[in-house]
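**Student:** could you look at this predicted model? Sequence included:
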Amino acid sequence: MQPKTAIVIGAGDRGARAYAPYALEYPNELKIVAVAEPNKERRIKFKDTHGLPAKNCFSSWQDMMDRGKIADIAIICTLDRFHFQPTIKALELGYHVLLEKPMSPDPKECIEMARVAKKYNRQLTICHVLRYTEFWSTIKKVISDGKIGKVASLQLNENVEVMHMSHSFVRGNWNNKEKSSPMILQKSCHDMDIISYILDKKCERISSYGSLMHFKEENAPKDAPGRCLDGCPAELECPFHAGRYYLGEGRGWARKFTEDTTREGIIKALHETPYGRCVYQSDNNVVDHQVVNMEFEDGATAIFSMCGFTREQTRIVQIMGTKGEIRGNMEENSISIYDFLTKHETIIKFDNPVSGHGGGDNGIVRTFLREIDKVGETESVSSAAGSLRSHLMAFAAEKSRLNSGSSIELDDYYNSFIEK
Ligand SMILES: NC(=O)c1ccc[n+]([C@@H]2O[C@H](COP(=O)([O-])OP(=O)(O)OC[C@H]3O[C@@H](n4cnc5c(N)ncnc54)[C@H](O)[C@@H]3O)[C@@H](O)[C@H]2O)c1
């Protein structure tokens, strides 16, 4: 059987490192045939890695789309505000699309993308990679098999990890909701989605609180310059000093802002890119902590808490059913299932994942490649329609947060976009 062919739009961290490597590992299943990437260094690196002809390497997705349909699949990994247009165009041209989350920062665009995919009978899968991990798919099965009875309540903590918070959400690409999208959408849409997916019930109402508490100017050390390398007097007391961090334990993150990861290359980039900024004087405005309350159609409740001030990056979940309880920690990659009748605890420890996001990065590509042979017969594990439901939960949570935590009815919220 011939491998499926794909174009990649946006060969950044996700495009080049999360999904395209699948083609190198499984060349019998997937072949990348073209790339659109404005950053020349990234484009050339991607071209060489995948052995692409120069004529198939473009500096923008528009130039690539002008060539018409040149592959089976479009893998779209541009930044949040640049998902809508290439996705619509790719669907119109007849591509099946694997699109990074969030679908779009605009609820109307999310609804439109799902509509267009249906209209052209194309697969539009949203990269809610958690759905494809052993950790979450096992939890879903335990619930759907009835092992813990009827779920009454769920608690999920998203521990962002403090340096990850400073890197991605204070200095980095996702620090400003006008430039990318609110934290609850860009980061925690995974969480809204996984809650919705494993409970498999309609969320009826939602409310939320949260704010940007710490990473703002009033908390800057006295006389701190705008960039850490410009002689910050707090260098030794500040855990976020860019020079110490990116030349030390955070060196792995440097690939995010420079292709030259030598010491000199990193120092140069810290003088020139946003990653060298003082965390208290950035242009960030996304929250550093947020909680969301949810009520589902049968009365089940869920509480979600995202916090940037944690020592490790993980998700910790507790699901309380009428017959038993599930507890799990994603970083430990293990779950415990407790039965109230037998008082027996089953502990499942999963193998170390072979790809990012607990194995979800590879898992989504593998599943997608199989699903596109059956479009119209079965729904994708993470279809646009299913993802729309959880995206609306995230949009509604943000609306509530901005309205002092007022409760939002999700049906009314959805209809407010349909009626217009
Ligand atoms: N599924 C997940 O768990 C997960 C994790 C991290 C990020 N993301 C999402 O993935 C997306 C990409 O994030 P990233 O970390 O790879 O960012 P990135 O900045 O590393 O990559 C984005 C790339 O798009 C390129 N680009 C910009 N304009 C373009 C155009 N007109 N045509 C083609 N390419 C263009 C940029 O040059 C850049 O290389 C974001 O939407 C982000 O929210 C998802």
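**Tutor:** Structure's in. What do you need?
**Student:** in the stretch 51-200 of the chain, which residue sits nearest the ligand?
**Tutor:** Distances between the stretch 51-200 of the chain and the ligand by C-beta to the nearest ligand atom are smallest at residue 100, namely 3.5 Å. Bear in mind the C-beta positions are built from the backbone N, C-alpha and C, glycine included.
**Student:** in contact with that residue: list those residues for me.
**Tutor:** 10, 14, 76, 77, 78, 83, 126, 127 (C-beta atoms under 8 Å, 6 or more residues apart in numbering).
**Student:** can you confirm residue 291 is in a strand?
**Tutor:** Yes: in this structure, residue 291 lies within a strand as judged by DSSP: H, G, I helix; E, B strand; the rest coil.
**Student:** let me see the contact set for it.
**Tutor:** By C-beta under 8 Å, 6+ apart, residue 291 lies in contact with 208, 209, 210, 303, 304, 305, 306.
**Student:** how close does the first one sit to residue 29?
**Tutor:** The reference is to residue 208. Distance of residue 208 to residue 29, computed by C-beta to C-beta, to the nearest Å: 41 Å.
**Student:** same question for the third one.
**Tutor:** Distance of residue 210 to residue 29, given as C-beta to C-beta: 41 Å.
**Student:** likewise for residue 310?
**Tutor:** Counting by C-beta to C-beta, the gap from residue 310 to residue 29 is 37 Å.
**Student:** swap in residue 138?
**Tutor:** Plainly put, residue 138 is 25 Å away from residue 29 if you go by C-beta to C-beta.
**Student:** then residue 204?
**Tutor:** Computed as C-beta to C-beta, the residue 204 to residue 29 distance reads 41 Å.
**Student:** one more: residue 255?
**Tutor:** On the measure of C-beta to C-beta, residue 255 and residue 29 end up 26 Å apart.
**Student:** more neighbours: which of the two?
**Tutor:** residue 29 (16 against 13; other C-beta atoms under 10 Å).
**Student:** shouldn't that one be in contact with residue 4?
**Tutor:** Yes: here residue 29 lies in contact with residue 4, judged by C-beta atoms under 8 Å, at a distance of 6.8 Å.
**Student:** name the nearest residue to residue 69, sequence neighbours excluded.
**Tutor:** The shortest distance from residue 69 to any non-neighbouring residue, by C-beta to C-beta, 6 or more residues apart in numbering, is to residue 93 (4.6 Å).
**Student:** by contact count, what packs against whichever strand or helix holds residue 271?
**Tutor:** In this structure, residue 271 sits in helix 263-272 according to DSSP states H and E. If you count contacts as 3 or more C-beta pairs under 8 Å, 6 or more residues apart in numbering; DSSP states H and E, helix 263-272 packs onto helix 242-246.
**Student:** how about the residues of the stretch 151-300 of the chain by the ligand?
**Tutor:** Within the stretch 151-300 of the chain, the positions adjacent to the ligand are 173, 186 by C-beta under 6 Å from any ligand atom.
**Student:** show me the shaky parts of the stretch 51-200 of the chain.
**Tutor:** Judged against pLDDT under 70, the stretch 51-200 of the chain has no low-scoring part.
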